[in-house]
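Novice: Mind folding the following:
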Amino acid sequence: MPQGSFDIAADERRLERSVAAALRIIDAAQIERQAPPVRHARDRLTKVYRLMQLARAKERLAV
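Specialist: Numbers count the residues shown, from 1 in each chain. Reported below is the predicted structural model:
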């Protein structure tokens, strides 16, 4: 087997392992984001942000 084709095969295997590892990390992050404590915190921050936007809009209208 020529040296060049061996390197390509090894490179492809490394790339496949790297992609698989990245997909596992993404999957774990998505699961973590859906965990109840994280989900609750994200929902709360969303509500606070929207309330702040509403307050700013009211201030602009009052001026």
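Novice: Would you check how far apart V38 and A29 are?
Specialist: If you measure V38 against A29 using Cβ to Cβ, to the nearest Å, the figure is 10 Å. All C-beta spots, glycine's among them, are computed from the backbone N, C-alpha and C.
Novice: L15 now?
Specialist: 21 Å.
Novice: Just checking, which helix or strand of the protein averages the lowest pLDDT?
Specialist: Counting by mean pLDDT, DSSP states H and E, the chain has its least confident helix or strand at helix 3-34, which shows a mean of 90.
Novice: chain center to that one, what's the gap?
Specialist: Taking Cα atoms, centre = their mean, to the nearest Å, the mean C-alpha location of helix 3-34 is offset from the chain mean by 17 Å.
Novice: Could you tell me what pLDDT the model assigned to P2?
Specialist: Per-residue pLDDT puts P2 at 53.
Novice: now R42
Specialist: On the pLDDT scale, R42 is placed at 91.
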